[in-house]
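Chemist: Test case, fold it:
(4 chains)
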Protein chains: 2
Amino acid sequence: MTASEDDTPERRKDYVLEEQAGHLLRRAYQRHVAIFQGMIGESQLTPLQFAALVRLRDLSGISQNQLGRLTAMDAATMQGVIKRLVDRGLIERQADPEDRRRLILSLSKAGRALVENVIGNAHRITAETLKPLSSAERRTFLKLLARIAE
Amino acid sequence: MTASEDDTPERRKDYVLEEQAGHLLRRAYQRHVAIFQGMIGESQLTPLQFAALVRLRDLSGISQNQLGRLTAMDAATMQGVIKRLVDRGLIERQADPEDRRRLILSLSKAGRALVENVIGNAHRITAETLKPLSSAERRTFLKLLARIAE
DNA sequence: TTCCGATTATTCGTGTACAAACAATCGGCA
DNA sequence: TGCCGATTGTTTGTACACGAATAATCGGAA
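Modeler: Residues are numbered from 1 along each chain as shown, chains lettered A, B, ... in the order given. Next up is the predicted model:
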């Protein structure tokens, strides 16, 4: 792909961790999470919890699995995230009379208020995450990243 | 930062999860891990386990905490990763006579052989992760990503 | 030398992540 | 109508991820 041919056993020596996409993605996300936790405020929401709340603000009344798909969370993971938010009284869960398998989720009053309060921080968190880049670089980066994310 | 001023309460409505750097980073890494697990082979190494092994191949005889810093892993996380690799006989751990707090790590014969065997897959995993981008885009992306990762 | 701050490894608690297996339910086809 | 494959939510098991606390040790300043 780059300059040198890459299919012989000789390329073993040139695997530099710092240049691998996966390692860089992991470290970048790591840094973002640290920024998030430092700036999200006293609500102490995690990135996933906040993502779930924001989605529910825009799309109330969807089921747990649907919300999971919309936030790229596994059903088992979603279960835990929702459980903690319900325990904190930010989300309400009720059975769907149409389909007894489903649990319909919606923001509680406190949950809605919380989202509105912290969404300003969320914008600042994104800005801080992208701070090392210029304005033009940010646009380029986000466009390429979106394609990598699929 | 961009066109519109961003400090009034009115910007609450325009928080689109899909455009946030953190969400995209998380999904991109998610996709990478899936690729990694599908292509790493029967060794069944995880990304972190592989990173630790590669580092030890290049820098034998370092301590657990040092290795953690070199692979961006928390000391507590490192502890678990190393433990599993020791259990599998891929890493050897011995006390440092110079400093009795430290555990000196090195690859076992099996560990070294395994790294050499799977490092080719690792190159293909990186290529697959970056597949959505052209060659020029990959270089741009990695350069920007490295800066975001700090 | 003694004492104190820093370092090393470990453990605990909480929170993702996801594969796999499960029971309950749904929907549609024979 | 009865049956079967798909969907929903849950649980279990393994593996990160990291803050916080701890015990052992080190190194240098008083």
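Chemist: For chain A, just list every one of the strands.
Modeler: Per DSSP state E, chain A carries strands over the ranges A:91-95, A:103-107.
Chemist: right, so those strands: which one is the most enclosed?
Modeler: A comparison of those by mean neighbour count, using mean count of other CB atoms under 10 Å in any protein chain shown, puts strand A:103-107 on top with a mean of 19. Heads up, the C-betas are built off the backbone N, CA and C, glycines and all.
Chemist: Show me the contact partners of that strand.
Modeler: A:53, A:56-57, A:60-64, A:67, A:82, A:90-96, A:115 (CB atoms under 8 Å, 6 or more residues apart in numbering or on different chains).
Chemist: near DNA strand D at all, it?
Modeler: Yes: shown here: strand A:103-107 in contact with DNA strand D (CB under 7 Å from any atom of the strand) through residue A:103.
Chemist: Which residues of chain A lie near DNA strand D?
Modeler: A:26, A:30, A:33-34, A:63-66, A:75-76, A:79, A:82, A:99, A:101-103.
Chemist: related to what we said a few turns ago, JSON lines for the strands of chain A, including mean pLDDT and distance to residue A:130?
Modeler: Listed next are those as JSON lines, based on pLDDT from 0 to 100; distance: least, CB to CB, whole Å:
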{"stretch": "strand A:91-95", "mean pLDDT": "93", "distance to residue A:130": "29"}
{"stretch": "strand A:103-107", "mean pLDDT": "94", "distance to residue A:130": "28"}
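Chemist: between the residues of chain A next to DNA strand D, which is closest to residue A:111?
Modeler: Set against residue A:111, the nearest of those by CB to CB is residue A:82 (11.5 Å).
Chemist: could you dump stretch A:88-105 to CSV, C-alpha only?
Modeler: In CSV, the C-alpha atoms belonging to stretch A:88-105 read as follows (Å, rounded to 0.1, in the frame of the first residue of the first chain):
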residue,chain,number,x,y,z
ARG,A,88,-30.8,7.5,39.4
GLY,A,89,-34.3,8.4,38.4
LEU,A,90,-33.3,9.9,35.0
ILE,A,91,-35.1,7.4,32.8
GLU,A,92,-38.5,5.8,33.2
ARG,A,93,-39.2,2.3,31.9
GLN,A,94,-42.7,1.0,31.2
ALA,A,95,-44.1,-2.1,29.5
ASP,A,96,-45.4,-1.7,25.9
PRO,A,97,-49.1,-2.9,25.8
GLU,A,98,-48.7,-3.6,22.1
ASP,A,99,-45.7,-5.9,22.5
ARG,A,100,-45.2,-7.4,25.9
ARG,A,101,-41.5,-8.1,25.1
ARG,A,102,-40.6,-4.5,24.9
LEU,A,103,-39.8,-1.9,27.5
ILE,A,104,-40.5,1.7,26.4
LEU,A,105,-38.1,4.2,27.6
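Chemist: That stretch: how far from the chain's middle?
Modeler: 22 Å (CA atoms, centre = their mean, to the nearest Å).
Chemist: so residue A:93 touches residue A:86, yeah?
Modeler: Yes: look at residue A:93 against residue A:86 with CB atoms under 8 Å: they come within range, at 5.6 Å.
Chemist: still on that earlier bit, just the buried subset of the contacts of strand A:103-107, please.
Modeler: Taking 16 or more other CB atoms under 10 Å in any protein chain shown as the criterion, what is buried in the contacts of strand A:103-107 is A:53, A:56-57, A:62-64, A:67, A:82, A:90-91, A:115.
Chemist: nearest residue to residue A:31 other than its sequence neighbours?
Modeler: residue B:150 (5.4 Å; CB to CB, 6 or more residues apart in numbering or on different chains).
Chemist: Run a quick neighbour tally on the one you found.
Modeler: Residues contacting residue B:150 under the criterion other CB atoms under 10 Å in any protein chain shown number 11.
Chemist: again with residue A:81
Modeler: Around residue A:81 there are 22 residues (other CB under 10 Å).
Chemist: one step back: now the two most distant members of the residues of chain A next to DNA strand D.
Modeler: A:34 and A:99 (40.6 Å).
Chemist: wait, doesn't residue A:85 sit right on residue A:111?
Modeler: Yes: Residue A:85 is within contact range of residue A:111, at 7.2 Å (criterion: CB under 8 Å).
Chemist: which neighbours do those two share?
Modeler: A:53, A:91.
Chemist: low pLDDT regions in chain A?
Modeler: A:1-13 (pLDDT under 70).
Chemist: Any residues of it in contact with DNA strand C? List them.
Modeler: Close to DNA strand C, as judged by CB under 7 Å from any atom of the strand, chain A has residues A:46-49, A:72-77, A:80-81, A:84, A:98-101.
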